[in-house]
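**Q** could you work out the structure for the sequence below:
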Amino acid sequence: MLVPTISLPALLRIKPGAMSRLGIYLTRERFWEIALFSSTGMQASILDEVKRSLEAEGVRIRDREEVADSTIENALRLLGRLPADVKAVVGVGGGKALDVAKFVAHLANRPYIAVPTSLSNDGFCSPQASLTLDGHRKSIGARLPFGVVVDTQVCLEAPRSLWLSGIGDLIAKFTAIDEWKAAFHAQGEPVNDLAALLSDATVRQFLSRPTHDLEGIRLLATALMLSGISMEISGTSRPASGSEHLISHALDEISPRPRLHGVQVGLATYLMSTIIGQHTEEIRKLLTETGFLDLVREDPFDGEEWRAAIRKAPSIKPHYFSLLSTPGVQEKLLSTMRDDPTLVGCFR
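**A** Numbering: from 1, shown residues only. Prediction:
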């Protein structure tokens with residue numbers, strides 16, 4: 001039996017002030033010439049700090065790009081502009097910039113360093129890039145980052161809604177693993193025990209201190225990073241993604257105003273936990289105490305869109321085992337949306 005080969009980050013810093021030391025981290029790896037991709041509209045002070053750090057260590061920015069959209073076409077266009085002497089690609093900011101930078105680095109066979117400025121999902125350290133093709137969101141295989149640099153102070157100062165979105169994406173690991181095991185019993189789909197254990201541990205690590213402070217940010221960043229590594233270990237998204245993600249992907253296609261990925265996923269995770277019969281109380285407690293449900297109630301979801309998304313979700317991955325295809329499950333979810341007191345005010 002062949003032993004799978006996996007890639008893991010070689011550079012890892014999760015601490016306050018990490019962004020101001022980015023130039024030091026890069027020169028230690030001899031990355032003197034880089035391409036810098038950042039999110040459009042990023043706070044000027046953050047980008048200025050990155051530039052100061054690079055200039056102080058003599059790191060040259062050979063290609064500077066602001067990423068406004070995450071289409072595959074745009075990523076390929078930026079790939080074509082990448083100078084040949086670039087030693088590494090650095091992505092700074094949120095999801096679109098990081099996904100495009102990761103994909104460009106993967107195709108160009110260059111090391112990629114992820115520098116997220118918020119923790120809204122686990123995509124900053126996953127073996128996939130979330131890009132758009134013909135208006136549809138696609139998860140495309142890519143290598144894990146060579147490096148992950150998380151400045152916990154910067155992430156703490158990001159909008160609180162992004163922190164809550166990260167929590168929503170994190171707790172999905174509970175139901176995703178349960179559904180992965182259900183797929184094994186239903187059709188013999190292999191389960192990688194180490195990946196499942198690691199993914200479960202990431203959630204429990206954060207649950208020990210789910211606070212919006214520097215230590216809570218460190219725990220969330222570590223947990224989301226290890227979630228990405230669990231996908232690399234297993235060679236599948238199963239440790240981190242199940243029916244709750246299918247519902248969110250369906251919402252992205254149906255709704256004229258999709259919300260933050262992790263907010264959609266977090267609420268769908270609670271719904272799926274009631275079907276699976278595991279972790280419901282833990283999830284309810286976390287979503288209540290962190291203010292996640294309050295965030296949803298400030299701008300309730302459209303109940304009709306969610307009902308349509310639940311019906312559409314199995315078709316997002318037609319050959320993928322999903323509990324949503326089990327007879328009676330969709331009806332139970334719809335009744336939970338309507339009758340569960342925890343969800344009062346979450347749908348309009």
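
**Q** what lines up beside the host helix or strand of Ala35 in the sheet?
**A** Here Ala35, judged by DSSP states H and E, is contained in strand 33-39. Sheet pairing here is set by DSSP bridges, and for strand 33-39 it gives strand 60-67 (parallel), strand 88-93 (parallel).

**Q** need the residues that contact it.
**A** 26, 47, 50, 54, 59-67, 78, 82-83, 85-94, 96-98, 100-101, 104, 110, 117 (CB atoms under 8 Å, 6 or more residues apart in numbering). C-beta coordinates here come from the backbone N, C-alpha and C atoms, glycine included.

**Q** how distant is that strand from the center of its chain?
**A** 20 Å (CA atoms, centre = their mean, to the nearest Å).

**Q** repeat for stretch 318-335
**A** 24 Å.

**Q** same question for stretch 11-18.
**A** That offset, for stretch 11-18, works out to 19 Å (CA atoms, centre = their mean).

**Q** so what's the residue count around Thr342?
**A** 15 (other CB atoms under 10 Å).

**Q** could you do Asp48 as well?
**A** Neighbours around Asp48, by other CB under 10 Å: 10.

**Q** again, but for Glu65
**A** Look at Glu65: counted by other CB under 10 Å, it has 22 neighbours.

**Q** highest mean neighbour count out of the strands paired with strand 33-39?
**A** strand 88-93 (a mean of 27; mean count of other CB atoms under 10 Å).

**Q** after it comes which helix or strand?
**A** That would be, after strand 88-93 and using DSSP H and E, helix 95-108.

**Q** which ones are touching the nearest residue to Gly23 once chain neighbours are set aside?
**A** For Gly23, ignoring the flanking residues on the chain, the nearest one in space by CB to CB, 6 or more residues apart in numbering is Glu57 at 3.3 Å. Contacts for Glu57 (CB under 8 Å, 6+ apart) come out as 23-24, 26-27.

**Q** other residues contacting whatever helix or strand Glu331 lives in?
**A** Following DSSP H and E, one finds Glu331 within helix 329-339. Residues outside helix 329-339 that contact it (CB under 8 Å, 6+ apart): 271-272, 274-275, 303, 306-307, 310-311, 323-324, 343, 347.

**Q** can you flag the buried ones in those?
**A** 271-272, 274-275, 306-307, 310, 323-324, 343, 347 (16 or more other CB atoms under 10 Å).

**Q** out of those, which one sits closest to Met231?
**A** Met272 (18.6 Å; CB to CB).

**Q** can you map out the strands along the chain?
**A** 11-15, 33-39, 60-67, 88-93, 112-116, 128-133, 136-141, 147-151 (DSSP state E).

**Q** okay, those strands, which one's buried deepest?
**A** Among those, the stretch with the highest mean neighbour count (mean count of other CB under 10 Å) is strand 112-116, at a mean of 29.

**Q** can you give the strand pairings for that one, parallel or anti for each?
**A** strand 88-93 (parallel), strand 147-151 (parallel).

**Q** pipe those strands into TSV and attach distance to Arg204 and mean pLDDT per row.
**A** Shown next, in TSV, are the strands paired with strand 112-116 (distance: least, CB to CB, whole Å; pLDDT from 0 to 100):
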stretch	distance to Arg204	mean pLDDT
strand 88-93	29	97
strand 147-151	20	98
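
**Q** least trustworthy helix or strand in this protein by mean pLDDT?
**A** Least confident element among the helices and strands of the chain, by mean pLDDT, DSSP states H and E: strand 136-141 (a mean of 81).

**Q** Phe103 against Gln128, yeah?
**A** No: using CB atoms under 8 Å as the test, Phe103 is too far from Gln128 to be in contact (9.4 Å).

**Q** what do those two both touch?
**A** What both Phe103 and Gln128 touch, as defined by CB under 8 Å, 6+ apart, is the set 140, 142.

**Q** for the helix of greatest length in the chain, name the packing helices and strands.
**A** Of all segments of type helix in the chain, defined using DSSP state H, the longest is helix 160-187. Helices and strands in packing contact with helix 160-187 are listed as helix 193-207, helix 214-234, helix 243-254, helix 261-276, helix 280-289, helix 292-298; criterion 3 or more CB pairs under 8 Å, 6 or more residues apart in numbering; DSSP states H and E.

**Q** the nearest residue to Thr222 once chain neighbours are set aside: what's it in contact with?
**A** Counting by CB to CB, 6+ apart, Thr222 lies nearest to Ile14, which is 6.1 Å off, once chain neighbours are set aside. Taking CB under 8 Å, 6+ apart as the criterion, Ile14 is in contact with 148, 150, 152, 218, 221-222, 225.

**Q** with Thr132 instead?
**A** Contacts of Thr132 by CB under 8 Å, 6+ apart are 69-72, 138.

**Q** roughly how far apart are it and Ser38?
**A** Taking CB to CB, to the nearest Å as the measure, Thr132 falls 19 Å from Ser38.

**Q** so where's the stretch 101-250 of the chain uncertain?
**A** By pLDDT under 70, the stretch 101-250 of the chain contains no weakly predicted segment.

**Q** could you redo the last one with a cut-off of 80?
**A** 135-137 (pLDDT under 80).

**Q** got CSV for the contacts of Ile14, with distance to Val296 too?
**A** Listed next are those as CSV, based on distance: CB to CB, whole Å:
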residue, distance to Val296
Val148, 29
Val150, 26
Thr152, 26
Arg218, 26
Ala221, 23
Thr222, 26
Met225, 26
